[in-house]
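[1] Sharing a model that was predicted from the sequence below.
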Amino acid sequence: MEIKVCLHLTEKQIYYVLVKGNRYDTISDAELLKRFYADGNNEWLGILLERYTMLLLGVSMKYLKNEEEAKDAVQQVFLKAINELHKYKVEYFKSWVYMIAKNHCLMQLRNKGRFSGEIDERTMAVDDGHEAKNDHIEKDRALTSMAAALLQLNKEQQLCVTLFYLEKKSYQEIAQQTSYSLMQVKSHIQNGKRNLKIIMERNEGN
């Protein structure tokens, strides 16, 4: 199901929905997402974001090494996550929002000239290409497009790609966790990676 409503929230509005999440701590991520997709109530998104605020702040601090920049990054990740969740159906929220935060921080480092190395395959990033004046904007769009494309994979590919690239699980660990055979795990990852590229290229053409 695609959510066609796209809502842009201010920092004040984000704070409002975040502080209301404490009484729902026992509800699973999957249930919160189910409720959101059922009624479109942003309160459920606020609870999810509040739940992973410290994780996102930790990721941002790891890459940016600056508390104020990290806090700002978390706010930007909140905005991106909220907008994307209104357009696409997410199943694995924690890994998905982690990827958004990581990619956002890597883009910030590139923009500031503090990250010169290539993002390797296990970060699921795209090739740099030529360096134009506004190239960092295109990179950020590409990474956002990649996150959206991940949601369009079938359930098996999405799960294996998420576990392998985002949670750094080995083939054996994924097989044990999912009950897929090693051959199935490798196939889902390879096909998922190929399909990600196809979906991104198709989306760019629309």
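    Yep, that arrived. Everything quoted here is computed from the prediction, not taken from an experiment.
[2] show me where this protein has helices.
    In the chain, the helices defined using DSSP state H lie at 11-18, 29-39, 42-51, 53-64, 67-85, 93-111, 135-150, 155-161, 171-178, 182-205.
[3] comparing those, which gets the lowest mean pLDDT score?
    Across the helices of the chain, the stretch with the lowest average pLDDT is helix 11-18; it has a mean of 45.
[4] Can you lay out the helices of the chain as JSON lines showing mean neighbour count?
    Yep, even glycine has a C-beta here, placed from its N, CA and C like the rest. Putting the helices of the chain into JSON lines (neighbours: other Cβ atoms under 10 Å) gives the following:
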{"stretch": "helix 11-18", "mean neighbour count": "15"}
{"stretch": "helix 29-39", "mean neighbour count": "15"}
{"stretch": "helix 42-51", "mean neighbour count": "22"}
{"stretch": "helix 53-64", "mean neighbour count": "18"}
{"stretch": "helix 67-85", "mean neighbour count": "19"}
{"stretch": "helix 93-111", "mean neighbour count": "21"}
{"stretch": "helix 135-150", "mean neighbour count": "17"}
{"stretch": "helix 155-161", "mean neighbour count": "20"}
{"stretch": "helix 171-178", "mean neighbour count": "15"}
{"stretch": "helix 182-205", "mean neighbour count": "15"}
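[5] Contacts only, for Lys169.
    Contacts for Lys169 (Cβ atoms under 8 Å, 6 or more residues apart in numbering) come out as 163, 177.
[6] And it, how close does it get to Val185?
    9 Å (Cβ to Cβ, to the nearest Å).
[7] That's all I had, so thanks and see you.
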